[in-house]
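**Student:** structure for this input, please:
(one chain, ligands or ions: 1)
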Amino acid sequence: PFRPSANIAELRESATIAVSQRAKALKAQGREVIDLGAGEPDFGTPAPILEAAKRALDEGATRYTAVEGILPLRQAIATQGNASFRGTEAIAATDVVVSCGSKQSLYNACVTLFGPGDEVLVPTPSWTSYYEMVQLARATAVEVHGDPARGFKVDVERLERHATPRTRGLMLNSPSNPTGAVYAPEELRAILDLAATRGWWVISDEIYQRIAYDAPAPGALDVAPRRDNLIVVNGVAKAWAMTGWRVGWTISPPAVAKAMTALQSHTTSNTATVAQYAALAALTLGEPVDATVRAMVAEFKARRDAALPILQASRALTVLPPEGAFYFYLKVPGAGRVPDAGGAFCQELLEKAGVAIVPGSAFRTPDWVRVSYAADKAQVIEAARRIVATADAMA
Ligand code: PLP
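**Tutor:** Numbering: from 1, shown residues only. Predicted coordinates for the structure are as follows:
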């Protein structure tokens, strides 16, 4: 009989994927379901990127590459990083490791930097996988709950309160999944200064950086004076609508890049060669790819602007106005009274109103729920109305 090994005994299924599966099952039964569970742009990959990928295939992009990725892609990533970074150590292609998605890059970084006995500060709520990845590295994820009044952002004081001599690092994610909060340059800088002083690693997940609505979202490289304790994670999935291509990367100090490459050489090797050429096109073709990305971001903003006032009119919901990414984070009725208020709300909403969203327990804040607006605008508006009706009826 199968008994999970000690490596995965504590692992939880990804709740975001579980909700999508339940929604798909209902759809298969003929139910009409609006699925706002997934964190996936509903757009196709921009056409010039598809063309570049087809050309690359015709030219033979079908074999293994270096584990860490093709040189022109790593150079393009380094060039982009250097455009932001004004600190002392310029970024070289050897500091870049390309992987099968920012998810793998985050995992590479966690397993490479953290191990048994180490504690890693995780601003909470955070994307579900951070907690599990730290656990898979056999380190301990320490939840640092942010201030709901500030979009759940953490600050130096909150981080210091959770620090111990075993603290080895910290996860950052701005714009945030699930809250949509964006750290201001001075907020980010203060946290990076703290980490540098304490000798902590910072893993900065910037996968939503280009999806910011009211002001540009700064990345760690924009504000860090040094980067010898910094791992920047990014990828093409969200901003370029390239989730299925599986390309992500890290920018790190060279010794860390070398260690992560060694790890990746024993797990996946390189990500798909054709996908690397597609990512190269995304980063280097300029207009019209950039124009398409801007248009997609403008459409996400239009959806946010349409649905936000509907949600804010509810007497039963607390709404965090998102500044980036494509999620609303909502506090639901029953919060503080019912053990898993978010889960109960999601279940009620899916079964009665046919809208799939994700319980906040996936992000370690069970009084909340996450609503993705990476979906058709009319559907997002309709879903917002049903969410409010359900919440107000439950209150
Ligand atoms: N980081 C965050 C915060 C995410 O929300 C996601 C996807 O949902 C990822 C990373 C993973 O993205 P990728 O498709 O590049 O692996």
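**Student:** separation between the closest residue to Phe152 other than its chain neighbours and Trp368?
**Tutor:** Sequence neighbours aside, Gly146 is the residue nearest to Phe152 in space, at 3.5 Å (criterion: CB to CB, 6 or more residues apart in numbering). (Glycine included, C-beta is placed from N, CA and C.) To Trp368, Gly146 is 12 Å away according to CB to CB, to the nearest Å.
**Student:** who touches both of those two?
**Tutor:** Common contacts of Gly146 and Trp368 (CB atoms under 8 Å, 6 or more residues apart in numbering): Pro125.
**Student:** more neighbours, those two?
**Tutor:** Trp368 (28 against 21; other CB atoms under 10 Å).
**Student:** quick one, what contacts that one?
**Tutor:** Trp368 sits in contact with Pro125, Pro178, Tyr329, Leu330, Lys331, Val332, Ala335, Gly342, Gly360, where contact means CB under 8 Å, 6+ apart.
**Student:** wait, a strand at Pro309?
**Tutor:** No: the assignment for Pro309, made by DSSP: H, G, I helix; E, B strand; the rest coil, is helix rather than a strand.
**Student:** tell me where the model's unsure across the stretch 201-350 of the chain.
**Tutor:** For the stretch 201-350 of the chain, applying pLDDT under 70 flags no range at all.
**Student:** dihedrals phi and psi, whatever residue of the chain ends up closest to the ligand?
**Tutor:** Among the residues of the chain, Gly101 lies closest to the ligand, at 2.8 Å counting by CB to the nearest ligand atom. Dihedral angles phi and psi of Gly101 (degrees, to the nearest 10) take the values phi 110, psi 150.
**Student:** within range of the ligand, give me the residues from the stretch 51-200 of the chain.
**Tutor:** Counting by CB under 6 Å from any ligand atom, the stretch 51-200 of the chain comes close to the ligand at Gly101, Ser102, Lys103, Trp127, Asn173, Asn177.
**Student:** in the stretch 151-300 of the chain, which spans are strands?
**Tutor:** Secondary structure of the stretch 151-300 of the chain (DSSP state E, counting those that start in this stretch): strands located at 167-173, 201-205, 230-235, 248-251.
**Student:** check which helices and strands the second one sits against.
**Tutor:** The one in question is strand 201-205. helix 102-113, strand 167-173, helix 185-198, strand 230-235 (3 or more CB pairs under 8 Å, 6 or more residues apart in numbering; DSSP states H and E).
**Student:** now the ones you listed in a markdown table, please, with extra columns for mean neighbour count and distance to Val33.
**Tutor:** Shown next, in a markdown table, are these (neighbours: other CB atoms under 10 Å; distance: least, CB to CB, whole Å):
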| stretch | mean neighbour count | distance to Val33 |
| --- | --- | --- |
| helix 102-113 | 25 | 26 |
| strand 167-173 | 24 | 28 |
| helix 185-198 | 18 | 38 |
| strand 230-235 | 27 | 28 |
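**Student:** format these as a markdown table; extra columns: distance to Ala291.
**Tutor:** Shown next, in a markdown table, are the helices and strands packed on strand 201-205 (distance: least, CB to CB, whole Å):
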| stretch | distance to Ala291 |
| --- | --- |
| helix 102-113 | 24 |
| strand 167-173 | 27 |
| helix 185-198 | 26 |
| strand 230-235 | 20 |
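**Student:** alright, that wraps it up for me.
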